[in-house]
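>>> Take a look and give me a structure for this.
(one chain, ligands or ions: 1)
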Amino acid sequence: MTQKIDLELISLTKRYGATVAVDAISYHFDAGTYACLLGPSGCGKSSTLRMIAGHETASDGAITLGGRDISTLPPAKRGTAMMFQNYALFPHLSVLDNVAFSLTMKGVDKGTRHARANELLELVDMTAMTDRLPAQLSGGQQQRAALARALITKPDVLLLDEPLSALDPFLRIRMRAELKKLQRELGLTFVHVTHGQDEALALADEIVVMNDARIEQAGKTRAVFDAPSTAFVARFLGSHNVVVMPEGLVAVRSDAMKVTDQTGAKLPGTITNIEYQGTHVALTAAVPGAQEVTALLSDKDFFGNPKELGEAIGLDWEAEAAHALAG
Ligand SMILES: Nc1ncnc2c1ncn2[C@@H]1O[C@H](COP(=O)(O)OP(=O)(O)OP(=O)(O)O)[C@@H](O)[C@H]1O
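From the prediction side, this is the model:
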């Protein structure tokens, strides 16, 4: 537990023929970090995860775990385990045998592997389901079985490829809380691939935002969200306006936008949309330069001073709310 088993990607590259799927990315994951790899479809997230797992060979660069180069080791020898999007449970095996599967492959005797599988099933609250087949489980239960199966190998790093995407929205939120709790309890490094911004913000200690085979920005989740360094990151994470100002391109969070009179405001605008969101009202305005900005106002602020479509307003923000963007 006290040993530092950090995961490091060093100039990691994946080429499929002429396609560069991952382009010399480097990143250091401290042991025990919950990290999300985040980015649009095709940016190289899954290829990165598969290279860490050993399901894909790296074209260049290296992967180290606890200082040991694992780049060319077979998956079972790396100290990593992978949980797949569709859980990949064996349909003809009981939950218990699915969880014990990797120990069966290692020749561990039945008593020992069943005892260990039962421990893991208890950890994920699945003791009552050990004799069922995967088809007799709900989506959330299948996910817990898949988690137990991945954890039975005692990995230092758990790799999760879109682990919540097969679940309905309600269950997704519940299971994401369970994932986070499990990660905290076990103190393992989790590297979780998602294209969902909300999911990454809710779960991750650190986010790695990828774009076009490279890392666009990475770091502590809140630091990245608070100060996106590029227009891509600001737009991808959402809840930010990217505005061309005389001093250059800036990001301003929607909840930092103030609606005022036009006199003295940073931007004049005309309201183009008002969307009631329950706790908040999202007010969108057209501003000079054929741009649109959104201000997220509390329900109380908006209805204390209601506005109409087409109304002329001013948009303002504190100087420190604006972050200069590169490109
Ligand atoms: N086996 C393969 N052969 C050829 N090209 C591939 C292969 N796997 C992935 N690619 C290409 O590599 C690039 C990165 O793919 P990857 O699956 O890593 O992206 P991703 O960010 O995980 O996308 P998604 O969110 O859609 O899963 C894409 O252009 C993809 O078409």
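>>> hey, let's count contacts and neighbours off CA atoms from now on
Noted.
>>> got the contact list for the nearest residue to residue 93 once chain neighbours are set aside?
Of all residues not flanking residue 93 in the chain, residue 133 sits nearest, at 6.1 Å (C-alpha to C-alpha, 6 or more residues apart in numbering). The neighbours of residue 133, taking C-alpha atoms under 8 Å, 6 or more residues apart in numbering as the test, are 91, 92, 93, 94, 95.
>>> and the first one, what element?
Residue 91 belongs to no helix or strand when assigned by DSSP states H and E.
>>> how many other residues sit next to it?
Around residue 91 sit 12 other residues, with neighbours defined as other C-alpha atoms under 10 Å.
>>> And the residue nearest to it when sequence neighbours are not counted, its phi and psi?
The shortest distance from residue 91 to any residue that is not its chain neighbour, by C-alpha to C-alpha, 6+ apart, is 5.7 Å, and that residue is residue 134. According to degrees, to the nearest 10, the main-chain angles of residue 134 amount to phi -50, psi -40.
>>> go on, residue 195?
Dihedral angles of residue 195 (phi, psi; degrees, to the nearest 10) stand at phi -110, psi 10.
>>> That one and residue 41 touch, don't they?
Yes: shown here, residue 195 and residue 41 form a contact pair, counting by C-alpha atoms under 8 Å, at 7.2 Å.
>>> who has more neighbours, the two?
Set side by side, residue 195 and residue 41 show unequal neighbour counts under other C-alpha under 10 Å, the larger going to residue 195 at 20 against 13.
>>> Okay, now the unreliable bits of the stretch 201-327 of the chain?
Along the stretch 201-327 of the chain, the parts satisfying pLDDT under 70 run over 327.
>>> Now do the strands in it.
Assigned by DSSP state E, counting those that start in this stretch, the stretch 201-327 of the chain shows strands spanning 206-211, 214-220, 240-245, 248-253, 258-260, 267-276, 280-287, 291-298, 312-316, 322-324.
>>> which of those sits most buried?
Taking mean count of other C-alpha atoms under 10 Å as the contact definition, the stretch among those with the greatest mean neighbour count is strand 206-211, which reaches a mean of 24.
>>> Direction included, what does that strand pair against?
Strands that pair with strand 206-211, judged by DSSP bridges, come out as strand 34-38 (parallel), strand 214-220 (antiparallel).
>>> for the ligand, what are the nearby residues on this structure?
By the rule C-alpha under 6 Å from any ligand atom, the part of the chain lying against the ligand is 16, 21, 40, 41, 42, 43, 44, 45, 46, 47.
>>> For the stretch 1-150 of the chain, which residues score under the pLDDT cut-off?
The stretch 1-150 of the chain contains residues with pLDDT under 70 at 1-3.
>>> Can you give the domain ranges for the chain?
The record's domain parsing of the chain by automatic domain parsing lists 7-226, 231-324.
>>> Next up, the contacts around the most far-flung residue of the chain relative to its centre.
Ranking residues of the chain by C-alpha distance from their mean position (C-alpha atoms, centre = their mean) puts residue 263 at the top, at 41.6 Å. Each residue near residue 263 by C-alpha under 8 Å, 6+ apart is listed here: residue 314.
>>> what about the closest residue to residue 61 other than its chain neighbours, how many neighbours?
Distance criterion C-alpha to C-alpha, 6+ apart; nearest residue to residue 61, sequence neighbours excluded, is residue 12 at 4.3 Å. Residues lying near residue 12 (other C-alpha under 10 Å) number 23.
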